[in-house]
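Q: fold the stuff below for me.
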Amino acid sequence: MERIAFLGLGSMGTPMARRLLAAGHPLTVWNRTAARAEPLRAEGARVAHSPTEAVLGVGLVVTMLSGPRALEDVTDELLPALGHGTVWVEMSTVGPDAVATLRDRLPEGVRLVDAPVMGSVDAAASGSLQVLAGGDLEGPVAEVLERFGSVRRCGPAGSGAALKVVLINAMIGGVAVVAESLRLADALGVDPAGAREALAAGPMGGAVRRTLSDSAHYTVELAAKDVGLATGAARLPVLRAVGEELRSRADLAGQDLSALRNARA
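A: Model (predicted):
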């Protein structure tokens, strides 16, 4: 089985790493907050003390980090330790520009695949994520990605990252609209249960389900970061307004995006 280094053990990274362990891959893990790696040590993973230590002697590196800045910091540490023939699978939500920058920094003989995911923590645990893959999936890469869910081949490197920005912002915008629609219903005296039922039966049904979910772990702070990736790429006045609202809600920063449904101005 392919030896894998998995860097980034947040709410999505931890269950994804567990799926690799369950499949029998020899796995080395690293996380900036070291305590998050200890449960995986107990399950058979080797815990590295640094990104450099994590990637030594492995053929496939997976990063699942919080954003472009975290990716840049880890890249600075990893580059000298990457061996010829290594495949780096970048699964964070960082946008195509960050992927292009990473690709340009890689030494000769190291291949980059960008493969961010869509789905919840529950989907990460069950292996039912949608994996948005860009780049060359030859060798063991496709098989490894299939451990996480269904793989959509998007095109060249960077295309997966680009589609992820599109999809995640459609979800964020939908949740923001549904949350405000529920507040509008309350202001107009509409029965709350009736409003939710009617909204769920319409074209916003998926956004309604996400807005009412209490099991997701995608924070308002991360959503604000992902809206910034979109508004930095195109003129998007509606999403820009959503991003300003998200950034203004310091009281909700660490809560799931669905907290917007209970927020008050």
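
Q: for the stretch 51-200 of the chain, what spans make up the strands?
A: Under the criterion DSSP state E, counting those that start in this stretch, strands of the stretch 51-200 of the chain are mapped to 60-63, 87-90, 111-114, 117-118, 129-134, 149-155.

Q: can you add mean neighbour count, mean pLDDT and distance to Val141 and give those back as TSV?
A: Yep, even glycine has a C-beta here, placed from its N, CA and C like the rest. Formatted as TSV, the entries for the strands of the stretch 51-200 of the chain read as follows, by neighbours: other Cβ atoms under 10 Å; pLDDT from 0 to 100; distance: least, Cβ to Cβ, whole Å:
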stretch	mean neighbour count	mean pLDDT	distance to Val141
strand 60-63	24	98	7
strand 87-90	24	98	6
strand 111-114	24	98	6
strand 117-118	20	98	14
strand 129-134	24	98	8
strand 149-155	17	98	9
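
Q: now render the ones you listed as TSV, adding distance to Leu9.
A: Compiled in TSV, those are given as follows (distance: least, Cβ to Cβ, whole Å):
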stretch	distance to Leu9
strand 60-63	11
strand 87-90	16
strand 111-114	20
strand 117-118	15
strand 129-134	16
strand 149-155	18
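
Q: out of the ones you listed, nearest to Gly13?
A: Comparing these against Gly13 with Cβ to Cβ, the closest turns out to be strand 60-63 (8.5 Å).

Q: send me that closest one as CSV with only the CA atoms.
A: Written as CSV, here are the backbone C-alpha positions of strand 60-63 (Å, rounded to 0.1, in the frame of the first residue of the first chain):
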residue,chain,number,x,y,z
LEU,A,60,2.2,10.7,-1.7
VAL,A,61,1.6,13.9,0.4
VAL,A,62,-1.9,15.1,1.2
THR,A,63,-2.5,18.6,2.6
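
Q: just checking, what packs against it?
A: If contacts are counted by 3 or more Cβ pairs under 8 Å, 6 or more residues apart in numbering; DSSP states H and E, strand 60-63 sits against strand 4-7, helix 68-78, strand 87-90, helix 141-146.

Q: hmm, try it at 7 Å
A: Helices and strands in packing contact with strand 60-63 are listed as strand 4-7, strand 87-90; criterion 3 or more Cβ pairs under 7 Å, 6 or more residues apart in numbering; DSSP states H and E.

Q: tell me the strands beside the first one, with direction?
A: Just to be clear, that refers to strand 4-7. For strand 4-7, sheet partners with direction are given as strand 27-30 (parallel), strand 60-63 (parallel), following DSSP bridges.

Q: ok and the next helix or strand after it relative to strand 149-155, angle-wise?
A: The element immediately downstream of strand 4-7 (helix or strand, assigned by DSSP states H and E) is helix 13-22. Going by axes from the mean of the first three to the mean of the last three Cα atoms, to 10 degrees, helix 13-22 is angled at 110 degrees with respect to strand 149-155.
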